[in-house]
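Chemist: what's the 3D shape of this:
(3 chains)
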Amino acid sequence: MIQIHNLAKQYGQRSVLKGVNANFRPGTTTLLSGNNGSGKTTLLKLIAGLAKPTSGLIEIDEHQGEPARISYVAHQTFLYPSLTAFENLAFWSKCYDLPDDGNQIYDILEEFNLLPFADTCTRSFSRGMSQRLNLARAFMLNPSILLLDEPFTGLDSPSQELLRQKLLDVREKGTCSILITHDIFHDASLADAVLRIEGGSLSDVSTETLQGSHPNLIDQFNPKSSTPCGGSV
Amino acid sequence: MWRICLAIIQKDCTILLLRGSSVLHAILLGLLLIFTFSFSLSPGDTLSCQTSATIFWISSLFCLILLFNQLFAVEETNGQRFALSMLPSPPFLLWLAKTATGLGLLLISQLVFLPACIVFLGHAPSPNTFLITLANITITDLGICSLGSLLGALAQGQASKESLLSILLFPLLTPLLLAGISIHSQCMEGLQENISQWFTLATAFDCIFLASTSYFFSFIYSDDE
Amino acid sequence: MYLPFLAIGLIGIISAQCLIFLYAPIESTLGISQKIFYIHLPLAWWGLLAFFLLFATSILYLWKRDLRFHFISLAAGELGELLAVLTVATGSIWGKIAWGVWWTWDPRLTTALVLCFIYGGWLILRTMEWPLVKRATILSVTGIIAFLDVPLVFISARIWRSIHPAVFTSNGIGMTHEMILTVLFSIASFGLFFIGLLLLRIKTLEKELFIESIINRI
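Modeler: Residues are numbered from 1 along each chain as shown, chains lettered A, B, ... in the order given. So this is what the prediction gives:
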């Protein structure tokens, strides 16, 4: 469970987030939307621990008796261009102390259709291939919290479908996923809740926008009995 | 935890030694410096031992600057430093890994510089001071790598990172360089009484800066704005 | 706040010149050239104190995360660098007359010169494109690291070699009462002027931040 209390973030004199409150439960997927520069990425960075809040608190509960493992898919791919796809995954696997038999890495490469490129330096990868490897890295770590910043960017249709399936799979396993998207109607089928950041505050638009403006999405969008995310309105 | 440190060292060595020419660039720069200083000699002349020792350490320093720039530049290409910041380990381990890799690569470079100095500048440490020379190089390298690691991390992302690193590093290293040059020079021309004072100073420098740079690394390398 | 310090300090420095040239006796060995000592010593002492202030406020900034400490360290760093450069310049002039060379290897003079280089690099860091808080953190860390180096620089220069005249030795101060009074007066006057400049610079730095915040809001 991620609990955010009265979170505020300023960059110099510019206030990006103001008094954000939210809860994110395990086994849920939340879409995060908002205009450019509204603070979506900042919120993800704060949850990932890459930035410190100006005020407020983020509490992240332990997962199955261990500290929560956070995977973050950012705009940047975190890949070393001089290393092969296999070496890149092997490095992060060692860093997170994952079982070291190599098969797991080949399995995940195969899952993301990258096995033929396992021994190719990622320098020669296209944008889409790099993004696939980036996603492979994120899912390989078996995260309890998965933060995805516009993960569909650069992916072809089969890869987008694969990512959707993977997101549904990890939700079943209890992973808490937060996904930034500009296309909330298209991605709504994945989500338990949709939050919007506007003017530094978070609001729950699950019911208002999706049901009000696009009634045809109600069938796809099926929120769980209790809303997992409570945005400060 | 130490597995993370070893993984970073292994990754950096693979990138710098096997997949790129960064180490070669650094070694070549050092060699060129030594070779260029040999122009100052007329036929039959030799430089003083102190000058020879100074040239050795200047070459090592310039080499170090290129090495540490490259060691931290590899974490910048695709934002890898963010992913490293998220590892379940203290930032101290990243500092340790970078310092250890830098130290190893610098020692490899000095294996080339040392014979080059003998060939081009005409002075060699006497055989009975081999252990003292080794101890001097290790202690001095440890100090300059600890500071190089902190300041290398600091200079990343700046347009003029090489010159920035040189401007910051050179004056801070003055005491250690004086110790390194003095001991190295004595190893070539004969030991003097004050050698123990220099070793004490160099060890004190290492203790102070290993402790402070490992502590302050997390302040410098955090992404918080 | 800063004006009284600047005014009294300036009057003090002018008065100190009268004491230096009219009241203090001419030193028997070094002659008239020794008069530069009354300016050289306050510059060196207040310069070192400025660097210590930078060190102390850097620690306080990292501890409390209060930008006021950062502004004090910035102001102290700038003034310290200025005073260190003047120390080296006056020391070099004195050296030329006393020892016949512009520059010689002396622990105190070398330490002052190395400090000029170290804090010159520190000042260059100020111009780098970092967000305010990150820049404050980086400058604080380097401010602490730089000051930790000061004793080591001094000791290393002393082991290397030294010819500096020992003003304060274990046998006594080596000066007449008039000389002591003049140098103390000079130190106090420079000190008041230094505090005035420090306060003025802190105020301008705070104003700069205020103006920046208004521009950002627009």
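Chemist: What ranges does chain C have for its strands?
Modeler: Using DSSP state E, no strands are assigned anywhere in chain C.
Chemist: Run through the helices of it in chain order.
Modeler: C:2-18, C:37-64, C:67-98, C:107-126, C:132-160, C:177-217 (DSSP state H).
Chemist: cool, chain B as well?
Modeler: B:2-13, B:22-37, B:49-73, B:80-85, B:91-121, B:130-155, B:161-172, B:174-189, B:195-221.
Chemist: and those as JSON lines, adding mean pLDDT and distance to residue A:192?
Modeler: Every C-beta, even on glycine, is put in place using the N, C-alpha and C of the backbone. Formatted as JSON lines, these follow (pLDDT from 0 to 100; distance: least, C-beta to C-beta, whole Å):
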{"stretch": "helix B:2-13", "mean pLDDT": "92", "distance to residue A:192": "34"}
{"stretch": "helix B:22-37", "mean pLDDT": "92", "distance to residue A:192": "47"}
{"stretch": "helix B:49-73", "mean pLDDT": "93", "distance to residue A:192": "40"}
{"stretch": "helix B:80-85", "mean pLDDT": "89", "distance to residue A:192": "27"}
{"stretch": "helix B:91-121", "mean pLDDT": "93", "distance to residue A:192": "35"}
{"stretch": "helix B:130-155", "mean pLDDT": "93", "distance to residue A:192": "40"}
{"stretch": "helix B:161-172", "mean pLDDT": "86", "distance to residue A:192": "45"}
{"stretch": "helix B:174-189", "mean pLDDT": "92", "distance to residue A:192": "58"}
{"stretch": "helix B:195-221", "mean pLDDT": "92", "distance to residue A:192": "36"}
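Chemist: Which stretch among those approaches residue C:101 most closely?
Modeler: Closest to residue C:101 of the helices of chain B is helix B:49-73 (C-beta to C-beta; 19.4 Å).
Chemist: Using a markdown table, please lay out the helices of chain B together with distance to chain C and mean neighbour count.
Modeler: Shown next, in a markdown table, are these (distance: least, C-beta to the nearest C-beta, whole Å; neighbours: other C-beta atoms under 10 Å in any protein chain shown):
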| stretch | distance to chain C | mean neighbour count |
| --- | --- | --- |
| helix B:2-13 | 22 | 18 |
| helix B:22-37 | 20 | 18 |
| helix B:49-73 | 11 | 23 |
| helix B:80-85 | 14 | 21 |
| helix B:91-121 | 13 | 20 |
| helix B:130-155 | 6 | 22 |
| helix B:161-172 | 4 | 21 |
| helix B:174-189 | 4 | 24 |
| helix B:195-221 | 5 | 19 |
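Chemist: got CSV for those helices, with distance to residue C:144 too?
Modeler: As requested, the helices of chain B are arranged in CSV below (distance: least, C-beta to C-beta, whole Å):
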stretch, distance to residue C:144
helix B:2-13, 25
helix B:22-37, 29
helix B:49-73, 20
helix B:80-85, 22
helix B:91-121, 16
helix B:130-155, 11
helix B:161-172, 12
helix B:174-189, 17
helix B:195-221, 7
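Chemist: quick one: which of these is nearest residue C:196?
Modeler: helix B:161-172 (29.4 Å).
Chemist: check contacts around the closest residue to residue B:114 other than its chain neighbours.
Modeler: The spatial neighbour of residue B:114 that comes closest, neighbours along the chain excluded (C-beta to C-beta, 6 or more residues apart in numbering or on different chains), is residue B:56 at 7.2 Å. For residue B:56, the contacting residues are B:34, B:110, B:113-114, B:117, B:184, by C-beta atoms under 8 Å, 6 or more residues apart in numbering or on different chains.
Chemist: Could you find the closest non-adjacent residue to the residue in chain B that chain A sits nearest to?
Modeler: Nearest residue of chain B to chain A, counting by C-beta to the nearest C-beta: residue B:79, 3.1 Å away. If the residues on either side of it in the chain are set aside, residue B:79 comes closest to residue A:76, at 3.1 Å by C-beta to C-beta, 6+ apart.
Chemist: So the one you found: helix, strand or coil?
Modeler: coil (DSSP: H, G, I helix; E, B strand; the rest coil).
Chemist: neighbours of it, just the number please.
Modeler: Residue A:76 has 17 neighbours, counted by other C-beta atoms under 10 Å in any protein chain shown.
Chemist: ok, it - contacts?
Modeler: B:78-79, B:82.
Chemist: Same question for residue A:175.
Modeler: So, once contact is read as C-beta under 8 Å, 6+ apart, residue A:175 ends up touching A:26-27, A:143-146.
Chemist: May I see the residues you listed arranged in CSV, with secondary structure as well?
Modeler: Below are the contacts of residue A:175 laid out as CSV (three-state DSSP):
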residue, secondary structure
A:26, coil
A:27, coil
A:143, coil
A:144, coil
A:145, strand
A:146, strand
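Chemist: most surrounded residue in these?
Modeler: residue A:146 (26 neighbours).
Chemist: So that one sits against residue A:137, correct?
Modeler: No - counting by C-beta atoms under 8 Å, residue A:146 sits too far from residue A:137 to count as a contact (11.6 Å).
Chemist: hmm, who's touching stretch A:153-163?
Modeler: A:75, A:111-113, A:127-128, A:130-132, A:135, A:151-152.
Chemist: 7 Å instead, please
Modeler: A:112, A:127-128, A:131-132, A:135, A:151-152 (C-beta atoms under 7 Å, 6 or more residues apart in numbering or on different chains).
Chemist: from chain A, which residue is nearest to chain B?
Modeler: For chain A, C-beta to the nearest C-beta, closest residue to chain B: residue A:76, 3.1 Å.
Chemist: What does that residue show for phi and psi?
Modeler: phi -80, psi 150 (degrees, to the nearest 10).
Chemist: Also residue C:101?
Modeler: phi -130, psi 150.
Chemist: Please report the distance of residue A:204 from residue A:29.
Modeler: Remark: distance between residue A:204 and residue A:29 (C-beta to C-beta, to the nearest Å) = 14 Å.
Chemist: Next: residue A:38.
Modeler: Residue A:38 is 20 Å from residue A:29, by C-beta to C-beta.
Chemist: Quick check on these two: which one has the bigger neighbour count.
Modeler: residue A:29 (23 against 19).
Chemist: I figured that one was touching residue A:190, is that so?
Modeler: Yes - counting by C-beta atoms under 7 Å, residue A:29 does reach residue A:190; the two are 5.2 Å apart.
Chemist: Residues that sit against both of those two, list them.
Modeler: residue A:167.
Chemist: can you redo the contacts of stretch A:153-163 as CSV with neighbour count, distance to residue C:37 and secondary structure?
Modeler: Putting the contacts of stretch A:153-163 into CSV (neighbours: other C-beta atoms under 10 Å in any protein chain shown; distance: C-beta to C-beta, whole Å; DSSP: H, G, I helix; E, B strand; the rest coil) gives the following:
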residue, neighbour count, distance to residue C:37, secondary structure
A:112, 22, 75, coil
A:127, 11, 69, helix
A:128, 13, 73, helix
A:131, 24, 69, helix
A:132, 26, 73, helix
A:135, 25, 71, helix
A:151, 25, 70, coil
A:152, 18, 74, coil
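Chemist: Which one of those is nearest to residue C:213?
Modeler: Nearest member of the contacts of stretch A:153-163 to residue C:213, counting by C-beta to C-beta, is residue A:151, at 36.0 Å.
Chemist: In JSON lines: the contacts of stretch A:153-163, plus distance to residue B:155 and pLDDT.
Modeler: Listed next are those as JSON lines, based on distance: C-beta to C-beta, whole Å; pLDDT from 0 to 100:
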{"residue": "A:112", "distance to residue B:155": "36", "pLDDT": "92"}
{"residue": "A:127", "distance to residue B:155": "29", "pLDDT": "91"}
{"residue": "A:128", "distance to residue B:155": "34", "pLDDT": "91"}
{"residue": "A:131", "distance to residue B:155": "30", "pLDDT": "93"}
{"residue": "A:132", "distance to residue B:155": "33", "pLDDT": "94"}
{"residue": "A:135", "distance to residue B:155": "32", "pLDDT": "94"}
{"residue": "A:151", "distance to residue B:155": "32", "pLDDT": "90"}
{"residue": "A:152", "distance to residue B:155": "36", "pLDDT": "89"}
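Chemist: Save the residues you listed as a markdown table, and put in distance to chain B too.
Modeler: Formatted as a markdown table, these follow (distance: C-beta to the nearest C-beta, whole Å):
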| residue | distance to chain B |
| --- | --- |
| A:112 | 17 |
| A:127 | 12 |
| A:128 | 15 |
| A:131 | 11 |
| A:132 | 14 |
| A:135 | 13 |
| A:151 | 15 |
| A:152 | 19 |
